[in-house]
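In: here is my input, please return the structure:
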Amino acid sequence: MLDSLDRWQTAGFGTLASIGFNNLPAAVLLTPDAPPHPRALLLGLNLGPNLAVTGSLSALLWLRVARSLGATPSVRTYSRLGLLIVPLSLGAAVATLWLVAPGL
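Out: Okay, here's the model as predicted:
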């Protein structure tokens, strides 16, 4: 499936996969063979989990530890900030990748 995607779509697909499967299992599922845009996929898998708490194990652990210590972190606020920050950071990162390594 990744063979038919361009750099931007690959980054977006990696982002969605990291939310749906968590970033580490998504990386394993998406890279049995070298993808055509490995750096874009890496950006999506690394930045995308910040969209939702379910995106990475570290966010789930942070939520659990924070709650066990009496803090009241908000999953809604985490996701709202992620909806703002992830598209901006992913767009900037892929655009920079495009400028630095146009062929990759």
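In: low-scoring pLDDT stretches of this structure, where are they?
Out: 103-104 (pLDDT under 70).
In: could you rerun that using 50?
Out: Residues of the chain meeting the criterion pLDDT under 50: none.
In: how about the helices in it?
Out: Listed in chain order, the helices of the chain (DSSP state H) span residues 7-21, 23-30, 38-47, 57-68, 75-100.
In: counting by contacts, list what the last one packs against.
Out: I take that to be helix 75-100. helix 7-21, helix 38-47, helix 57-68 (3 or more C-beta pairs under 8 Å, 6 or more residues apart in numbering; DSSP states H and E). Glycine gets a C-beta too; all of them are placed from N, C-alpha and C.
In: list the buried residues in that helix.
Out: Residues 78-79, 82, 86, 89-90, 93-94, 97 are the ones in helix 75-100 that count as buried (16 or more other C-beta atoms under 10 Å).
In: same check, this time on the shortest one
Out: Of the residues in helix 23-30, those with enough neighbours to count as buried (16+ other C-beta under 10 Å) are 23, 26-27, 30.
In: nearest to L5 among these?
Out: Compare each of the buried residues of helix 23-30 with L5 using C-beta to C-beta and the shortest gap goes to L30, at 10.8 Å.
In: quick check, L83 in contact with L51.
Out: Yes. The pair L83 and L51 qualifies as a contact (C-beta atoms under 8 Å) at a distance of 6.7 Å.
In: give me the distance between the residue of the chain most remote from its centre and G20.
Out: Relative to the mean C-alpha coordinate of the chain, counting by C-alpha atoms, centre = their mean, the farthest residue is G70 (28.4 Å). As judged by C-beta to C-beta, to the nearest Å, G70 and G20 stand 31 Å apart.
In: good, we can wrap up now.
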